[in-house]
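>>> my questions are about this predicted structure, shown below with the sequence.
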Amino acid sequence: MSSGLELRVGNKYRLGRKIGSGSFGDIYLGTHIQTGEEVGIKLESVKTKHPQLLYESKLYKILQGGTGIPNVRWFGVEGDYNIMVLDLLGPSLEDLFNFCNRKLSLKTVLMLADQLVSRIEYVHSKSFIHRDVKPDNFLMGLGKRANQVNIIDFGLAKKYRDPKSHQHIPYRENKNLTGTARYASINTHLGIEQSRRDDLESLGYVLMYFLRGSLPWQGLKAATKKQKYEKISEKKMSTPIEVLCKGFPPEFVTYFQLCRSLRFEDKPDYSYVRKLFRDLFIREGYQYDYVFDWTILKYQQTQALTRPNPSAGAPGGSRNAVPRESREKEKYTSERARDDARRAPMRESSHARGGEISGSRGISSRKPEGGYGPGADRM
């Protein structure tokens, strides 16, 4: 950060430490000077070749008021930087996936899917498609909203229809890949203009990534980025949906079949998709209690830290000296975690002040894994 930038933003916020790097700028922790409330501050150099922060701030304002949409507190120019101040949020789903040893349970994935479909539906209802649906761009909230999924990073979003007339953008081909290759739809790889169906197909890959632990087209080696994208595309197209979803409930195959059957201008049946996953959730006997995998893991870690050392004061004592007590405590882990979930399991301080799960920000702090350009054709 240049010394030309004052440590105050908009005469309201104090700029703190850097908490991440986004695709188009750096992200800092900020504090409201009067109230002490923490926020996320996204900085973009005014000298950048393809400025996009102003565009992104306008999109947030269009989306303002929707569930899981962070509030823009302030936007302006200070010194050599375009600056956007947003709500501070918790860890991303990618952070939490890593925290849970890179695999999520069916229950957690279905609870997430319910919210993720709704977030994408809301963005679409405002005449925009996201075009970069990936785990890094969904963040959990903090405090009372710790169980709420938030959608962020609209730098690549594009208007797909006229907001008043609902006239859809025209079908086009020979488009560069916009977004992240790992989660891009097959049509995006083929150079076809993106529409609502592509956001949903990308979401399907995100869900399978969580369930499987990885996708078949990860880790492919190539000399250039273009060649890597071609390899990803080939592997994606040659992997049948049934193979991708093998070992998991048939609803996931149904989901992909639905996404891939949509025509360019079709409106997806979001309610049907939610019902598909909710019915599966009920059939599996799960409770919609907001006890995610990380809720239990976090609770277990807390218990491990507070549990006394069983061998303390007993020289040569066996580590198995108190197995019954440990087992009884574990028996209640899920119930207690459920109670904690209702009282917001992911405490604000554990993220905003560097807790065990990293990623406290109101804006994306990761560079995209592939994808072209700043989305210059999006409006």
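Good, I have the coordinates. Numbers count the residues shown, from 1 in each chain.

>>> buried sites along the helix or strand hosting S233?
Using DSSP states H and E, the element containing S233 is helix 225-238. Buried residues in helix 225-238, counted by 16 or more other C-beta atoms under 10 Å: 228-229, 232-233, 236. In this view, the C-beta of every residue, glycine as well, is placed from N, C-alpha and C.

>>> kindly report the same for stretch 241-249.
Within stretch 241-249, the residues that qualify as buried are 241, 244-245, 249, counting by 16+ other C-beta under 10 Å.

>>> want to throw those residues into a markdown table with secondary structure and distance to G141?
Formatted as a markdown table, the entries for the buried residues of stretch 241-249 read as follows, by DSSP: H, G, I helix; E, B strand; the rest coil; distance: C-beta to C-beta, whole Å:
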| residue | secondary structure | distance to G141 |
| --- | --- | --- |
| I241 | helix | 33 |
| L244 | helix | 31 |
| C245 | coil | 30 |
| P249 | coil | 28 |
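
>>> where does pLDDT dip in the stretch 1-150 of the chain?
Within the stretch 1-150 of the chain, the stretches falling below the threshold (pLDDT under 70) are 1-6, 22-23.

>>> mind listing the helices for it?
Along the stretch 1-150 of the chain, the segments classed as helices by DSSP state H, counting those that start in this stretch run 53-63, 93-99, 106-125.

>>> ditto for the stretch 201-350 of the chain
Chain-ordered helices for the stretch 201-350 of the chain, with DSSP H, counting those that start in this stretch as the definition, fall at 225-238, 241-244, 251-261, 270-283, 293-306, 323-331, 333-342, 348-352.

>>> quick one: which of those is nearest S118?
For S118, the closest of those is helix 270-283, at 7.2 Å, according to C-beta to C-beta.

>>> center of the chain - which residue?
Nearest residue to the geometric centre of the chain (C-alpha atoms, centre = their mean): F138, 1.9 Å.

>>> and the nearest residue to that residue once chain neighbours are set aside, how many neighbours?
In this structure, F138 finds its nearest non-sequential neighbour in L93, 4.7 Å apart by C-beta to C-beta, 6 or more residues apart in numbering. Here the number of neighbours of L93 (other C-beta atoms under 10 Å) works out to 24.

>>> D199 contacts H130, correct?
Yes - applying C-beta atoms under 8 Å, one finds D199 in contact with H130, separated by 5.3 Å.

>>> so what sits against both of those two?
With contacts taken as C-beta atoms under 8 Å, 6 or more residues apart in numbering, the residues that reach both D199 and H130 are 120, 123.

>>> returning to what we had before: which one of the buried residues of stretch 241-249 is nearest G155?
Checking these one by one against G155 (C-beta to C-beta), the nearest turns out to be L244, at 28.5 Å.

>>> per-residue pLDDT of the closest one, please?
Here the pLDDT value assigned to L244 is 99.

>>> how does this structure divide into domains?
Domain assignment for the chain by the TED database gives 18-25+40-87, 91-299.

>>> still on that earlier bit, and the helix holding S233, how far from the chain's centre?
With C-alpha atoms, centre = their mean, to the nearest Å as the basis, helix 225-238 stands 23 Å off its chain's centre.

>>> elements contacting that helix?
In terms of contact count using 3 or more C-beta pairs under 8 Å, 6 or more residues apart in numbering; DSSP states H and E, helix 225-238 is assigned the packing partners helix 186-189.

>>> what comes up buried for the helix it packs on?
Using 16+ other C-beta under 10 Å as the burial criterion, the residues of helix 186-189 that qualify are 187-189.

>>> still on that earlier bit, mind putting the buried residues of helix 225-238 in CSV, distance to S57 included?
Formatted as CSV, the buried residues of helix 225-238 follow (distance: C-beta to C-beta, whole Å):
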residue, distance to S57
K228, 32
Y229, 30
I232, 32
S233, 33
K236, 34
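
>>> quick check: buried residues in the top strand by length along the chain?
Within the chain, and with DSSP state E defining each element, the longest strand by residue count is strand 13-22. Along strand 13-22, these residues count as buried under the neighbour rule (16+ other C-beta under 10 Å): 13-15, 19-20, 22.

>>> distance between it and the chain's centre?
Distance of strand 13-22 from the chain centroid (C-alpha atoms, centre = their mean) equals 19 Å.
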